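Trainee: with the input below, show me the fold.
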Amino acid sequence: MRPWRKICCPVDFSDTSRTALQQAAYLASVFDGSVTAVHVYDPPLETGDAPLPVFDLFEKLRPELEQKLAGWTSEVEESARGAIRSVVFLGNPPAEILRFAREGGFDVIVMGTHGRTGLRHLVLGSVAEQVVRHAECPVVVTR
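Mentor: Okay, here's the model as predicted:
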């Protein structure tokens, strides 16, 4: 098994994704690696009274999302030994996470799960589950 030096960490700004980011930073320190925190903005089906095209809405929100993600990465920068960066995308979260990890040649994906079960899981699905099923690299799921 090769060391996990290139770590992808999807972040949805939940408590479980904060835990995953902390774990990713720890792994980066153990393996002398780097972490890329990824947030995929999944636009709402409706954008209110004055609908904006999805891309325009994303571009309007992008600076706020980037700033929030930068704040999160700065919290773990020391434990990751400074080797951390962040990116924000628009799209379907599982598809974009899988594409980014594959194209970036990441060694591992570290992500959180909400642990939904039953009807809530059936209706809402699970980004983590889809990533685990289709990833081309190992996936570490935290809770």
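Trainee: helix or strand: which one has C9?
Mentor: Taking DSSP states H and E as the definition, C9 sits inside strand 6-10.
Trainee: that strand pairs with which strands?
Mentor: Here strand 6-10 is paired, per DSSP bridges, with strand 34-41 (parallel), strand 108-112 (parallel).
Trainee: let's have the ones you listed in JSON lines, adding distance to S17, mean neighbour count and mean pLDDT.
Mentor: For glycine as for every other residue, the C-beta is placed from the backbone atoms N, C-alpha and C. Converted to JSON lines, the strands paired with strand 6-10 look like this (distance: least, CB to CB, whole Å; neighbours: other CB atoms under 10 Å; pLDDT from 0 to 100):
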{"stretch": "strand 34-41", "distance to S17": "9", "mean neighbour count": "22", "mean pLDDT": "96"}
{"stretch": "strand 108-112", "distance to S17": "4", "mean neighbour count": "25", "mean pLDDT": "96"}
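Trainee: wait, which of those is closest to S14?
Mentor: Judged by CB to CB, the one of the strands paired with strand 6-10 that comes nearest to S14 is strand 108-112, at 6.4 Å.
Trainee: now the longest helix anywhere in the chain: buried residues?
Mentor: Across the chain, the longest stretch assigned as helix under DSSP state H is helix 54-76. In terms of neighbour count (16 or more other CB atoms under 10 Å), helix 54-76 has its buried residues at 57-58, 65, 69, 72-73, 76.
Trainee: repeat that for stretch 87-98.
Mentor: Within stretch 87-98, the residues that count as buried by 16+ other CB under 10 Å are 88-91, 93-94, 96-98.
Trainee: how about stretch 126-143?
Mentor: By neighbour count, and taking 16+ other CB under 10 Å as the criterion, the buried residues in stretch 126-143 are 126-128, 130-132, 135, 137, 139-142.
Trainee: what part of this structure, helix or strand, is modelled with the least confidence?
Mentor: Scoring the helices and strands of the chain by mean pLDDT, DSSP states H and E places helix 118-124 at the bottom, with a mean of 46.
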